[in-house]
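Participant: next come a sequence and a model predicted from it.
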Amino acid sequence: MFVIVLVYFMIINLLLFAAIAIIIGVVFLVMISRELTSPDKTRWFIGLGLGSGVLAFTLKILLIVSYDSIPETINLENKNNISILKKIETKLIKPDEVRQLGYQWRALPEIAPSPKNNPTTFAKIKLGKKLFFDKRLSANNSISCSSCHDLSKKYAGADGRQVAFGINQKKGTRNSPSVINAAFQRKLFWDGRASTLEEQAKGPLINPLEMAMPSLQAVEDKLRKILEYSTLFNQAFPESPAITIENIVKAIASFERTLITPNSPYDKFVKGDISALTNSQIRGMALFEKNGCVICHSGPNFSGASVFDSNGAFRLFPSVKNQPVEDRYKLNIDGGVITNNLNVNRKGIWRIPSLRNVSRTSPYFHNGSVKTLTEAVRVMAKLQLNKKISNDEKDDIKIFWNTELKQFIVTNNHALSEWEIQDIVAFLHSLEGDINQDI
């Protein structure tokens, strides 16, 4: 509504000053024509000069008013946003003004951090890659790390299944999280029980529903019998080349730290390439911030459980009671991180997952119950943001009566329309990136 009023104001403004310019021009043209018939040429030259000056001044005022009537804010419904954004990007912002601008978007670093006790080397990466794809790490030589964490573009470090499958097609209980960009997470697994990639790598090896090795010692013994690994461990760990579980997981973690995607359209946009995102993605990015999605999915890795964020790595999910939605997707069965004050029959506590490459890692949520990204956004809007999905403007506004202040409080943004959902989904597609597999 504001945009329509603003356009009407601009049109009326332009028409008014155009009319004034035409009237003044006609008056002075009449005066000049009279001067042409006058024998006094001095008066003719004076009239011509004054008339030209007044016309020039009028046109200048008209241009100034027209320019000032153009809004400087970004209209996200304008199809020509890109040129507007480029213009606004050139404005200088003082450092002390940054805090007043709200959420700060950041690009993913080009290199993932490594711990002091496991610095990344090419030899470790080479060994870790071989271990990652080696099915001999499982009890019956049937699956590897890559079986549940497919590094192809299609699956982006997940497996496309509702829940993970282990040896002998044993069905797990949770959806496989992506291993891509996991190097930036300080909490791993859906319940956050591991704090490092090294710690995480041990779990699946001895999980009876996954690789099902009888013990970590059994993993060591099995690899020691494979001649080629002796050379690779010597190269990767020259100071202590023994084939131990600690060296095994250090190598796997070193390889996983190369599985990052800092080249997404979003990253290019944040780094200055305004053309990297479509208008729909730009609108979705703004809606993602405006509706509070960044409260949990914050920072360059879009997760409060990442190394970029020191706040809480876990969230209650669902946080808003909506029994029909919870029951439809069976979200209230698994409790995640079990705590004493949690009713696990209704809600759970979960590590905040990264949204990097989320458009490629369906199905969604800890139990893989939601098949499409669009529906996943709808579910999050209802169960986390307490939003209604509606295209009706009246659903976007709520009116409250404050009994103490004796005032009405009118708030909006209580609903997301379907086109807003689609814009957010479009933005999430901009988080897609490819990993470098040339190692």
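Facilitator: Thanks, I have the structure now.

Participant: what does the domain assignment say about the protein?
Facilitator: Following automatic domain parsing, one gets these domains for the chain: 2-71, 122-256, 265-429.

Participant: could the ones you listed be laid out in CSV, adding mean pLDDT and distance to Asn436?
Facilitator: (Each C-beta comes from the backbone N, C-alpha and C, glycine too.) Shown next, in CSV, are the domains of the chain (pLDDT from 0 to 100; distance: least, CB to CB, whole Å):
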stretch, mean pLDDT, distance to Asn436
domain 2-71, 56, 43
domain 122-256, 97, 11
domain 265-429, 92, 14
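
Participant: what about the closest residue to Ser303 other than its chain neighbours, distance to Tyr266?
Facilitator: Nearest residue to Ser303 in three dimensions, chain neighbours excluded: Ser354, at 4.2 Å (CB to CB, 6 or more residues apart in numbering). For Ser354, the distance to Tyr266 (CB to CB, to the nearest Å) stands at 13 Å.

Participant: tally of neighbours for Gln200?
Facilitator: Residues within reach of Gln200, counting by other CB atoms under 10 Å, total 22.

Participant: my error: substitute Ile245 in the last question.
Facilitator: The local packing of Ile245 (other CB under 10 Å) involves 19 other residues.

Participant: can you pull out the helices in the stretch 251-400 of the chain?
Facilitator: 265-270, 279-290, 323-328, 373-383 (DSSP state H, counting those that start in this stretch).

Participant: mean neighbour count and distance to Lys202 for the ones you listed - can I get that in JSON lines?
Facilitator: JSON lines is the format used below for the helices of the stretch 251-400 of the chain (neighbours: other CB atoms under 10 Å; distance: least, CB to CB, whole Å):
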{"stretch": "helix 265-270", "mean neighbour count": "20", "distance to Lys202": "32"}
{"stretch": "helix 279-290", "mean neighbour count": "20", "distance to Lys202": "35"}
{"stretch": "helix 323-328", "mean neighbour count": "13", "distance to Lys202": "33"}
{"stretch": "helix 373-383", "mean neighbour count": "20", "distance to Lys202": "30"}
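
Participant: relative to Leu431, which of those helices is closest?
Facilitator: Evaluated over these, closeness to Leu431 peaks at helix 265-270, with 5.3 Å, by CB to CB.

Participant: how about the residue nearest to Ser303, what does it touch?
Facilitator: Ser354 makes contact with Ser178, Asn181, Ala182, Phe184, Gln185, His297, Asn301, Phe302, Ser303, Ala305, Ser306 under the criterion CB atoms under 8 Å, 6 or more residues apart in numbering.

Participant: would you map the strands across the stretch 201-350 of the chain?
Facilitator: 314-317, 348-351 (DSSP state E, counting those that start in this stretch).

Participant: on that earlier part again, looking at the helices of the stretch 251-400 of the chain, which is nearest to Gly102?
Facilitator: Across the helices of the stretch 251-400 of the chain, Gly102 has its closest neighbour in helix 279-290 (7.1 Å, CB to CB).

Participant: who are the packing partners of that closest one?
Facilitator: In this structure, helix 279-290 packs against helix 81-89, helix 418-429, with contacts taken as 3 or more CB pairs under 8 Å, 6 or more residues apart in numbering; DSSP states H and E.

Participant: that one vs helix 418-429, what angle?
Facilitator: Relative orientation of helix 279-290 versus helix 418-429 (axes from the mean of the first three to the mean of the last three CA atoms, to 10 degrees): 90 degrees.

Participant: what angle separates helix 279-290 from helix 373-383?
Facilitator: Calculated by the same axes, to 10 degrees, helix 279-290 forms an angle of 20 degrees with helix 373-383.

Participant: need the CA coordinates for helix 279-290. CSV is fine.
Facilitator: The C-alpha coordinates for helix 279-290 follow below in CSV (Å, rounded to 0.1, in the frame of the first residue of the first chain):
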residue,chain,number,x,y,z
ASN,A,279,15.5,-11.1,-7.4
SER,A,280,13.5,-14.0,-5.8
GLN,A,281,16.6,-15.1,-3.9
ILE,A,282,17.3,-11.5,-2.7
ARG,A,283,13.7,-11.3,-1.5
GLY,A,284,14.0,-14.7,0.2
MET,A,285,17.3,-13.6,1.9
ALA,A,286,15.6,-10.5,3.3
LEU,A,287,12.6,-12.6,4.5
PHE,A,288,15.0,-15.2,6.0
GLU,A,289,16.4,-12.4,8.2
LYS,A,290,13.1,-10.5,8.8
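
Participant: just use 22 as the starting number from now, easier for me
Facilitator: Got it, first residue is 22 now, which makes that one helix 300-311.

Participant: and that helix, how far out from the chain's middle?
Facilitator: Centroid separation for helix 300-311 versus its chain: 10 Å, with CA atoms, centre = their mean, to the nearest Å.

Participant: same check, this time on stretch 176-196
Facilitator: A distance of 25 Å separates the centroid of the chain from that of stretch 176-196, by CA atoms, centre = their mean.

Participant: you'd agree Ala274 is up against Pro134?
Facilitator: No: contact criterion CB atoms under 8 Å: Ala274 and Pro134 do not qualify, at 11.6 Å.

Participant: more neighbours: which of these two?
Facilitator: Each of Ala274 and Pro134 has its neighbours counted (other CB under 10 Å); Ala274 has more, 23 against 10.

Participant: how many other residues sit next to the residue nearest to the more buried one when sequence neighbours are not counted?
Facilitator: Leaving aside its sequence neighbours, Ala274 sits nearest to Leu218 (CB to CB, 6+ apart; 3.7 Å). Residues within reach of Leu218, counting by other CB under 10 Å, total 25.

Participant: quick one on the thing from earlier: so how far is Arg157 from the residue nearest to Ser324?
Facilitator: 30 Å.

Participant: Arg127 is nearest to which of the domains of the chain?
Facilitator: Nearest of those (CB to CB): domain 286-450, 4.6 Å.

Participant: centre of the chain to that closest one, how far?
Facilitator: 11 Å.

Participant: can you give me the end-to-end span of it?
Facilitator: 9 Å (CA to CA, to the nearest Å).
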